[in-house]
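Peer 1: Only the shape, not the letters, is given here:
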């Protein structure tokens, strides 16, 4: 039963949620459809709506109501969770002086453009001064938000993944480094080659779209509550649990759009799985970036790149592209989509090397935030680390330090979620395998048991549990990166016929 | 120079404009892309944003500021116009209790779906209770807004077309009825037949879209600032003068999508033509529904259905559809797209019978609002009027009273704008012909002089002038429906070789 104080909070919550939804729709529209010249005009409107969101979510009035609510002992469990989520968010926003927030918003509005231009011209120096400013703002904001004695980078990490800090991430990435770097060396030196030439060719966009829709539905994407569109880089957005949208891009690598759609469908299932009583509230979404990424990477890699996944559906793919794949046996196809190839670009990395790309970014962010690494030295530090861990060295900034958009948006502390997500997925997978014959399910052509496991243990809680709580409750154990390392080494030892030890 | 009081108004104006833009985007999205099951959830958000709009545009605070502004004699001309527009709007909104406004917004968000379902199932009774509720809200709102002794339907009419009421519209439609009903009878009894069979066939959607984009650009639609999408019924939306969006639908009548795109492009030119200093302000849009419709109907009918229009571009159309149109001479094509054929569906009506469809809706709306016609009796009243004026009787609700979306959105008083628009267009056309050799311009393949005339006399004023003011300033005469009647009778007498008198 709702308490009276809580009733006073509802209008603020609804207003903040409605504005957040509108901002999501503007962003979706910008990435998928808006005309080229619209942005400077539309962004004025977006600026106004953002300030409105700020005042609904963190203004003085709502903070006073939240304080009252926190004292009320008659709140339901859900109400308490909403009050806590809104309070945390308000506290984080409110400690930043509005003037600085506005300055940063103005900077951020142009910085992505400056980054894109610098990347295009392969000119890190054109971006460095902007990056320095962005980093300074982010450090300042973190200092406002920091608890007693809390390190700045810990503040940033916590905002993307509650309960994780440098201590736990040093341990996590340490485990990866110790195990994966030597394993990768052994693998690349094994001399085993994988043929994946047939994945590149002339795949008509119309056919790619048809098969993309097929795979989305096969994963469980519900087109009654979802949209598939095209954008430069694939992403997932959602307005609520009955409106979840994914994008992909079609190019001459047929596996790119297929696996990106499987990946985004994994994200989408999470948002479809938010129960009706949570959706359109501050706890009605995936609990963290990392747990979201665990769902997408689970579908893309653990399910989607398993040869058994392809048994019921490879024929369909062959029918769609008879010229390119008609003569390629399933085994050869499944091997090709698991090819390990140390490269320079994170978004094109295979499953094994992916987390090493992330580790490099984590180490560099730590240096930038905690050790005052000078921005100007980034290209060299970046290149050295790629050489050390992946054995290759970028020849320019575009394929090196300028490749990702994140820092230009001020997102420091975000990257680790990508690797954590893969590790969460492996830990969940270990538990899932104890409860079902995973490959038989894949072979059956009906993924319902897998979806049900994820819905039951992850999706339905929204933000009511942190990732660590979800892992504990599901697997009976706190976060443990060993599952991830073991999963990768087992899988690739078998694929490449090399010893695991 | 801005006065100090006006500065206080700006944040309210910006907030109201930003929210209006967000609501437009939600509506565009709903019609073109949103997943089928999203509406009940999204409409909650839309309801919240509508209330926010309400308070920014008509809340106590903004009304107090507006009152101060109205007393300030130091306002610029533009500032005064904005204050007047906002004051009129605020007065209209403020008399509606916010709670009722929100209830209606939520009802309206779902009612369109209910109508669509009822239409699909051909089941008027499934829509009738919703329609009654909508009508009740609209009558109640009009009663709040009505001036001393003002009739409810006059309030509704004025909100779509300032300066028009039942008195002037009775006269307008009276002129049409007296002249067009007997002329149509003469024409249909003339025995003259027009072959248009070749317009129906198998026209691939991809080719239709290609030619649709061609004609949009030919009319002057700028894809740098615009989008063409698909929806059940064609419409135009705009976020500002750098983001204008039109839709069409592709079917087996090739002329449907072509002329709908020419029509919507006419609407779009109006919004593209709003100057930068007006866009994103309350006066930065087309002045009225009727004047908007004059621009679209001008392009569609007066320009687009003129045989001279086709001389530079018919070859392009033939190349696109060689099987269907390769052997059809231009004269035959131009005659076919002007075929008069009394039918049941307004949106498929020819130029001559179109305004009779509108007249029927006007008469029925008057009965619903002023004579308490029961909603349940609508299907029969509708059928009787079609039989009387057009000589045909709908056999079911889908081709009768359920055909239009408008009432499901609460738009009573909107329909007359369609006929007024055609009449405004004819009056503007009369004036345009005195200043240029219209058919030579069409033949030249460059419509710039026509666009310039419309931009110079209509578009650039936004809402700074009413339609009647625009007509007066451009043509030197108040609104005069005779031009429209004369234009139609001249055109169709010639086409059908019958006497005008």
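Peer 2: Everything's here; your move. Only a predicted model underlies this, so the values are computations on that prediction, with no experimental measurement involved. Residues are numbered from 1 along each chain as shown, chains lettered A, B, ... in the order given.
Peer 1: So which residues make contact with the strand or helix carrying residue A:472?
Peer 2: Element membership of residue A:472 [criterion: DSSP states H and E] is helix A:467-475. Contacting residues not belonging to helix A:467-475 are listed as A:161-163, A:287-288, A:290-291, A:294, A:420, A:424, A:427-428, A:430-431, A:457-458, A:461, A:465, A:477-479 [Cβ atoms under 8 Å, 6 or more residues apart in numbering or on different chains]. Glycine gets a C-beta too; all of them are placed from N, C-alpha and C.
Peer 1: And for stretch A:317-324?
Peer 2: Applying Cβ under 8 Å, 6+ apart, the contact partners of stretch A:317-324 are A:198, A:201-203, A:207, A:210-211, A:254, A:258, A:310, A:325-326, A:328, A:333.
Peer 1: Could you pull up the mean pLDDT of it?
Peer 2: When the per-residue pLDDT values of stretch A:317-324 are averaged, the result is 97.
Peer 1: List the buried residues in that stretch.
Peer 2: Taking 16 or more other Cβ atoms under 10 Å in any protein chain shown as the basis for neighbour counts, the residues of stretch A:317-324 that come out buried are A:317, A:318, A:320, A:321, A:324.
Peer 1: and what of stretch A:391-403?
Peer 2: Applying a neighbour-count criterion of 16+ other Cβ under 10 Å, one finds A:394, A:397, A:398, A:399, A:400, A:401, A:402, A:403 buried in stretch A:391-403.
Peer 1: just stretch A:29-41 next, same as before
Peer 2: Counting neighbours by 16+ other Cβ under 10 Å, one finds that the buried residues in stretch A:29-41 are A:29, A:31, A:32, A:33, A:34, A:35, A:37, A:38, A:39, A:41.
Peer 1: need the residues you listed in TSV with secondary structure, can you?
Peer 2: Listed next are the buried residues of stretch A:29-41 as TSV, based on DSSP: H, G, I helix; E, B strand; the rest coil:
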residue	secondary structure
A:29	helix
A:31	helix
A:32	helix
A:33	coil
A:34	coil
A:35	coil
A:37	coil
A:38	coil
A:39	helix
A:41	helix
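Peer 1: filter the residues you listed down to the ones near chain B?
Peer 2: Restricting those to those within reach of chain B (Cβ under 8 Å from any Cβ of the partner chain) leaves A:29, A:33, A:34, A:35, A:37, A:38, A:41.
Peer 1: tell me the two of those that are most distant?
Peer 2: In those, two members sit farther apart than any others by Cβ to Cβ. They are A:33 and A:41, at 15.3 Å.
Peer 1: any idea how far the helix or strand bottoming out on mean pLDDT in chain A is from the chain center?
Peer 2: Evaluated with mean pLDDT, DSSP states H and E, the helix-and-strand set of chain A has its lowest mean pLDDT in helix A:98-121, which scores a mean of 87. Taking the mean C-alpha point of helix A:98-121 and that of its whole chain, the gap between them comes to 22 Å (Cα atoms, centre = their mean, to the nearest Å).
Peer 1: same deal with stretch A:384-402?
Peer 2: For stretch A:384-402 - counting by Cα atoms, centre = their mean - the centre lies 22 Å from the chain centre.
Peer 1: Looking at it now, give me its mean pLDDT.
Peer 2: Over the span of stretch A:384-402, the pLDDT mean works out to 95.
Peer 1: what's that stretch in contact with?
Peer 2: For stretch A:384-402, the surrounding residues in contact (Cβ under 8 Å, 6+ apart) are A:115, A:118-120, A:122-124, A:127, A:177, A:181, A:184-185, A:188, A:342-345, A:353, A:356-357, A:359-360, A:363-364, A:378-379, A:382-383.
Peer 1: wait, what's in contact with the residue of the stretch 201-350 of chain A found nearest chain B?
Peer 2: Of the stretch 201-350 of chain A, the residue with the smallest distance to chain B, taken as Cβ to the nearest Cβ, is residue A:243 at 3.8 Å. Under the criterion of Cβ under 8 Å, 6+ apart, the contact partners of residue A:243 comprise A:225, A:226, A:227, B:34, B:35, B:38, B:41, B:42.
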